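Q: Have a look; sequence and predicted model below, questions after that.
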Amino acid sequence: MNNDIYSTLGARWYEASDDPVALLRAEARLRNPWLAQTIGTALCPRPCSVLDIGCGGGFLTNHLAKLGHRVTGLDSAEDSLAVAREYDASHSVHYDQGDALALPYEDGAFDVVCAMDFLEHVEDPGRAIAEAARVLAPSGLFFFHTFNRNWLSWLVVIKGVEWFVKNTPADMHVLRLFLKPEEVTAMCRLHRLHTVQLLGSRPKLGAPFLEMLRTGSVPKDFEFTFSPSTLLAYTGYARKMPQLA
């Protein structure tokens, strides 16, 4: 797994179209409003303390901060954090460089913990989920997005991006690190995280999709959509259950 690529993007996090990071931006445009609405529905419309693990360039953290939440973003790459800080219009996000497998926060410190496009980038996702659960308050929400492990996701998510998006680096994704939905939900259960919702997602077909195939660049109006099928990718959230007496 080549995680070093995220330390070299700089302003390309927000500006590049000839790079798979543009697909991350398009995914964020789908997921961020859903995530914010889910927080408001499940935890009532109040400012929450939110931790975004593997926050990268700050697509989610900066979005939630603009809505008034108290947000912390954690990433191992200081270069990515510098970009996230620069694009934080609220000037309120607290960004930390750190290790997702040993979070530098107290137990129960956050109402919401997010791991979006992250679990498939670590060798021990179970430990990452355990740490997320540890710092999550009782009844808090754990959000995740990752890729399913099968031949179709290999063809579309790995080879398709390599073939049709410019500047895709080698080993950006590795199939053996993709996770089946039942594996993620089982890891969550081990740490008292009860999965509430699981949504599939996929690229939206149409003119922008065909333009990407033709040019190797991701158009600004390229979109993802939620889907009943989790064969390619899936987004979900779980609620932390109280400790039994």
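A: That came in fine, so what should we check first? The structure presented is a predicted model; accordingly, all values stated were derived computationally and were not measured.

Q: Can you pull out the low-pLDDT segments for the chain?
A: Across the chain, residues meeting the criterion (pLDDT under 70) sit at 1-2, 244-245.

Q: Residue nearest the middle of the chain, spatially speaking?
A: With distances taken as CA atoms, centre = their mean, the residue of the chain nearest its centroid is residue 116 (1.4 Å).

Q: if I pick that residue, what's in contact with it?
A: Residue 116 is in contact with 28, 31, 52, 54, 60, 143, 144, 145, 235, counting by CB atoms under 8 Å, 6 or more residues apart in numbering. Just so you know, the C-beta spots here come from the backbone N, C-alpha and C atoms, and that holds for glycine as well.

Q: if we go to 10 Å?
A: Contacts of residue 116 were listed using CB atoms under 10 Å, 6 or more residues apart in numbering, and they are 24, 27-28, 31-32, 35, 52-56, 59-60, 143-146, 235.

Q: next one: phi and psi at residue 166?
A: With angles defined as degrees, to the nearest 10, residue 166 sits at phi -60, psi 150.

Q: So it is in contact with residue 16, correct?
A: Yes: if you go by CB atoms under 10 Å, residue 166 and residue 16 touch, sitting 9.2 Å apart.

Q: neighbour-wise, which of those two wins?
A: residue 16 (18 against 15; other CB atoms under 10 Å).

Q: quick one: the strands in the protein?
A: Applying DSSP state E to the chain gives strands spanning 49-53, 70-75, 94-97, 110-116, 136-147, 193-203, 224-227, 233-240.

Q: same for the last one, what does it pack against?
A: When contacts are defined as 3 or more CB pairs under 10 Å, 6 or more residues apart in numbering; DSSP states H and E, strand 233-240 sits against helix 21-43, strand 110-116, helix 125-134, strand 136-147, helix 181-190, strand 193-203, strand 224-227.

Q: tilt between the longest one and strand 193-203?
A: To tie it back to what came earlier, the one meant is helix 21-43. 140 degrees (axes from the mean of the first three to the mean of the last three CA atoms, to 10 degrees).

Q: quick one, helix 21-43 and strand 110-116 angle?
A: Counting by the same axes, to 10 degrees, helix 21-43 lies at 150 degrees to strand 110-116.

Q: list the buried ones in helix 21-43?
A: Within helix 21-43, the residues scored as buried using 16 or more other CB atoms under 10 Å are 21-28, 30-32, 34-36, 38-39, 42-43.
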